[in-house]
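Participant: generate a structure from the sequence data that follows.
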Amino acid sequence: MSEKQLRLYRETPPTTTGPIALRLRLVAPNAASRPATPAPEPVPAVASVPVAASLTLDDQIFAILDAPAEPGVTVSAAYREKEQTLAEFFKSLSVADARALHRRFTIPSTGDALAERFSRLVIDRKTRLIAVLAGARRREALCSTRRV
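Facilitator: Sure thing, here's the model as predicted:
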């Protein structure tokens, strides 16, 4: 509730009596009676999610997918950031790992928690991320020709 709504609520006498009125008074207590709480600590951005090398591939992807959004960021922007972080992570994988993930995400097996969690993404994001996984061999071939 905004401060204005709370003020209006406090100034308006309850029209109901009994247990409902008591519950209504408990929902919006007087702001002066609340103890002062310190300001919440800022939450790190989704892109700066620390990913330890000891985590398995699945754990790293779950960490990116389950990372909380930064306060004040829209849902669309938060998922866009998650998509970018996943795309960067997928680009850093070996060809074998990328192909294995590509197969898991395109032909999910029953009981695969990662494939199920990935399938909850919006179809456009899912398609772009699967395309990144599918391009692993091409990226490796381009990198090897540049070295020669």
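
Participant: domain parsing for this structure?
Facilitator: 3-33, 46-147 (automatic domain parsing).

Participant: by mean pLDDT, show me the worst of these.
Facilitator: For these, mean pLDDT drops lowest on domain 3-33, to a mean of 46.

Participant: now name the helix or strand holding the closest residue to V75 other than its chain neighbours.
Facilitator: Distance criterion Cβ to Cβ, 6 or more residues apart in numbering; nearest residue to V75, sequence neighbours excluded, is A69 at 7.2 Å. Where C-beta positions appear, they are placed from N, C-alpha and C, glycine not excepted. Following DSSP states H and E, there is no helix or strand that holds A69.

Participant: thought A69 was touching R80?
Facilitator: No. Between A69 and R80 there is no contact under Cβ atoms under 8 Å: 10.6 Å.

Participant: thinking again about what came up before, distance of the residue nearest to V75 relative to R125?
Facilitator: Applying Cβ to Cβ, to the nearest Å, the value for A69 to R125 is 15 Å.

Participant: again, but for L133
Facilitator: In terms of Cβ to Cβ, L133 sits 13 Å off from R125.

Participant: the more surrounded of the two?
Facilitator: L133 (22 against 16; other Cβ atoms under 10 Å).

Participant: report the backbone C-alpha coordinates of the helix or strand containing the more buried one in CSV.
Facilitator: Assigned by DSSP H and E, L133 falls within helix 123-134. Output in CSV follows, covering the C-alpha atoms of helix 123-134 (Å, rounded to 0.1, in the frame of the first residue of the first chain):
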residue,chain,number,x,y,z
ILE,A,123,9.5,-20.1,-27.4
ASP,A,124,11.4,-17.2,-29.0
ARG,A,125,14.1,-17.3,-26.3
LYS,A,126,14.3,-21.1,-26.3
THR,A,127,14.7,-21.1,-30.1
ARG,A,128,17.5,-18.5,-30.0
LEU,A,129,19.3,-20.4,-27.2
ILE,A,130,19.0,-23.7,-29.1
ALA,A,131,20.4,-22.0,-32.2
VAL,A,132,23.4,-20.9,-30.1
LEU,A,133,24.0,-24.5,-29.0
ALA,A,134,23.6,-25.7,-32.6
